[in-house]
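Visitor: Pasting the sequence and the predicted coordinates here, then a few questions.
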Amino acid sequence: MTTGIIIVDHGSRLPESNLLLEQVARVFHERYPAEFPIVEPAHMELAEPTIATAYGRCVERGADHIVVCPYFLGPGRHWSRDIPRLSHEAQRKHPETSYHVTATLGLDDLMLQLLRKRISQCQRNGYVCERCANSERCGPSARLVAHT
């Protein structure tokens, strides 16, 4: 059995958000090339490639089993209904294949470590950095703390 991986997010009207998922899929593949030689990004809606497009690309590359990995934090409606439905519709075009939808990212020690990392970055930067400059992500009280 040859497995293809689809990493799927919601999709966005903001190109930089969609580009991030492409980077996630690329870096995931670069990190685990022997274990996962077929990795494709997909957006559930609002942007290309769709789950159906990514599924077809996996099949074209030789996959006969597709693992759809939601790049979502929690198990909401998209995970419980939309992604399985879209995966099933894609599979019907390739009846020789099978698929499985994984759990969402959820509560995991690695997620807690990532939260701590993000908070620590803000603390080290005095709560003001290039990412937040001139935006509402850095409220007035944080700017006061940073400049005192």
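Guide: Yep, that arrived. It should be emphasised that the depicted structure is a prediction, and the values quoted were computed from it without experimental measurement. Residues are numbered from 1 along each chain as shown.
Visitor: And Cys58, which helix or strand is it part of?
Guide: In the assignment (DSSP states H and E), Cys58 maps to helix 51-60.
Visitor: Could you give the separation of that helix from the chain centroid?
Guide: Averaging C-alpha coordinates over helix 51-60 and over its chain gives two centres that are 16 Å apart (CA atoms, centre = their mean, to the nearest Å).
Visitor: From the contact counts, what lies against it?
Guide: Secondary-structure packing of helix 51-60 (3 or more CB pairs under 8 Å, 6 or more residues apart in numbering; DSSP states H and E): strand 3-9, strand 39-43, strand 65-70, helix 83-92. Using the backbone N, CA and C atoms, a C-beta is placed for each residue, glycine as well.
Visitor: Mind listing residues that contact the shortest one?
Guide: The one in question is strand 39-43. With CB atoms under 8 Å, 6 or more residues apart in numbering as the contact definition, strand 39-43 has outside contacts at 4-12, 18, 21-22, 24-26, 28-29, 49-51, 53-55, 57-58, 68.
Visitor: Can you mark which positions in stretch 40-60 are buried?
Guide: By neighbour count, with 16 or more other CB atoms under 10 Å as the criterion, the buried positions of stretch 40-60 are 40-44, 47, 49-59.
Visitor: So Lys117, which state does it fall into?
Guide: Assigned state for Lys117: helix (three-state reduction, DSSP: H, G, I helix; E, B strand; the rest coil).
Visitor: On the pLDDT front, check the residue nearest to the spatial centre of the chain for me.
Guide: Residue closest to the average C-alpha location in the chain (CA atoms, centre = their mean): Tyr71, at 3.3 Å. Tyr71 is assigned a pLDDT of 97 by the prediction.
Visitor: My understanding was that it contacts Gly11; is that so?
Guide: No - contact status for Tyr71 versus Gly11: not in contact, 10.7 Å apart, counting by CB atoms under 8 Å.
Visitor: Low-confidence regions, the chain specifically.
Guide: Flagging of the chain using pLDDT under 70 yields the residue ranges 140-148.
Visitor: circling back: I'd like to know which of the helices and strands packed on helix 51-60 is closest to Ser98.
Guide: strand 65-70 (5.1 Å; CB to CB).
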